[in-house]
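1. just coords:
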């Protein structure tokens, strides 16, 4: 009898013929670690004082930017001081930090408008006083320099007067005399002004305490406006004094050098 055809093994039969291996848990080292949260992105922030001229207090990196009104701790002199954010600015062109926070101390935020106005007025008064002191120092230095210049000029003139022609002597005398006259006139006017200011200030003493400070503010305001005008007049006076004095000194030196080297004298 013919043999019956054998059934061709299929893929299912092959899988069934292979003994299944026992399932074993993977080693602990092969287990993928749980994903850790990424560290927050830190933002560089500059902390400045909340009042003009906004000095820098601290530079810090924060994960988030506080809003105005939020509290923040700032290390000052080795200790943490509580501050409150007054404003927040964003400047993308700043190479150090794009965010700037203006902060005020916790005790200064109860009435920030009054504190800011009082502090700003105090700083303005201090700045004005410093500028007036600089003007007084500059004026004193210019006085000493001009007096030294006059002394040196008259000393050179006493030695070189024989080398000058009568015409040159007249020109030098006129130029130096005009310079000296302008300088002395300015000093006399300034002296009268100082006496007038001192007299007005002494009149404030007779005011009542309620009116004294208001009168003192008016006096300082008027004195500052006069000081601005005085600075302009001082520049003109100094320029004219130096111009005529230099002209006389150059004419004197030229004629002395011309007599020494055999050149033409002038005039």
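-> All right, it came through fine. The model shown is predicted, which means the values in this text are computed figures rather than measured ones. Residues are numbered from 1 along each chain as shown.

2. got the buried residues for stretch 219-237?
-> Residues of stretch 219-237 classed as buried by neighbour count (16 or more other C-beta atoms under 10 Å): 230, 234, 237. (Each C-beta comes from the backbone N, C-alpha and C, glycine too.)

3. name the residues that touch it?
-> With C-beta atoms under 8 Å, 6 or more residues apart in numbering as the test, stretch 219-237 has contacts from 128, 132, 135, 139, 182-183, 186, 190, 193, 197, 200-201, 204.

4. cool, stretch 67-85 as well?
-> 47, 57-58, 66, 86-88, 101-106, 109.

5. what about 6 Å?
-> 47, 57, 58, 66, 87, 101, 103, 104, 105, 106, 109 (C-beta atoms under 6 Å, 6 or more residues apart in numbering).

6. give me the distance between the two termini of it.
-> Stretch 67-85 has an end-to-end distance of 7 Å (criterion: C-alpha to C-alpha, to the nearest Å).

7. on that earlier part again, for the contacts of stretch 219-237, which PyMOL command selects only the ones that are buried?
-> Entered in PyMOL, the line below selects the buried ones among those, by 16+ other C-beta under 10 Å:
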select buried, resi 182+183+186+190
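
8. dump the contacts of stretch 219-237 to a markdown table, plus distance to residue 165 and secondary structure.
-> Below are those laid out as a markdown table (distance: C-beta to C-beta, whole Å; DSSP: H, G, I helix; E, B strand; the rest coil):
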| residue | distance to residue 165 | secondary structure |
| --- | --- | --- |
| 128 | 53 | helix |
| 132 | 48 | helix |
| 135 | 43 | helix |
| 139 | 38 | helix |
| 182 | 26 | helix |
| 183 | 27 | helix |
| 186 | 32 | helix |
| 190 | 37 | helix |
| 193 | 42 | helix |
| 197 | 48 | helix |
| 200 | 53 | helix |
| 201 | 54 | helix |
| 204 | 59 | helix |
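
9. and which of the contacts of stretch 219-237 is nearest to residue 52?
-> Among the contacts of stretch 219-237, residue 128 lies closest to residue 52 (C-beta to C-beta), at 14.6 Å.

10. and the pLDDT for that closest one?
-> Per-residue confidence at residue 128 stands at 66 (pLDDT).

11. next one: residue 255
-> 90.

12. then residue 99?
-> Reading off the model, residue 99 has pLDDT 83.

13. how far away is it from residue 53?
-> 19 Å (C-beta to C-beta, to the nearest Å).

14. now the strands for this structure?
-> For the chain, strands defined by DSSP state E occupy the ranges 43-49, 56-62, 71-76, 79-90, 99-105.

15. centre of the chain to the first one, how far?
-> Computed by C-alpha atoms, centre = their mean, to the nearest Å, the chain-centroid distance of strand 43-49 equals 19 Å.

16. quick revisit: wait, which of the contacts of stretch 67-85 is closest to residue 159?
-> Nearest to residue 159 among the contacts of stretch 67-85, with distances taken as C-beta to C-beta, is residue 57, at 63.2 Å.

17. circling back: which of the buried residues of stretch 219-237 fall in helices?
-> 230, 234, 237 (DSSP state H).
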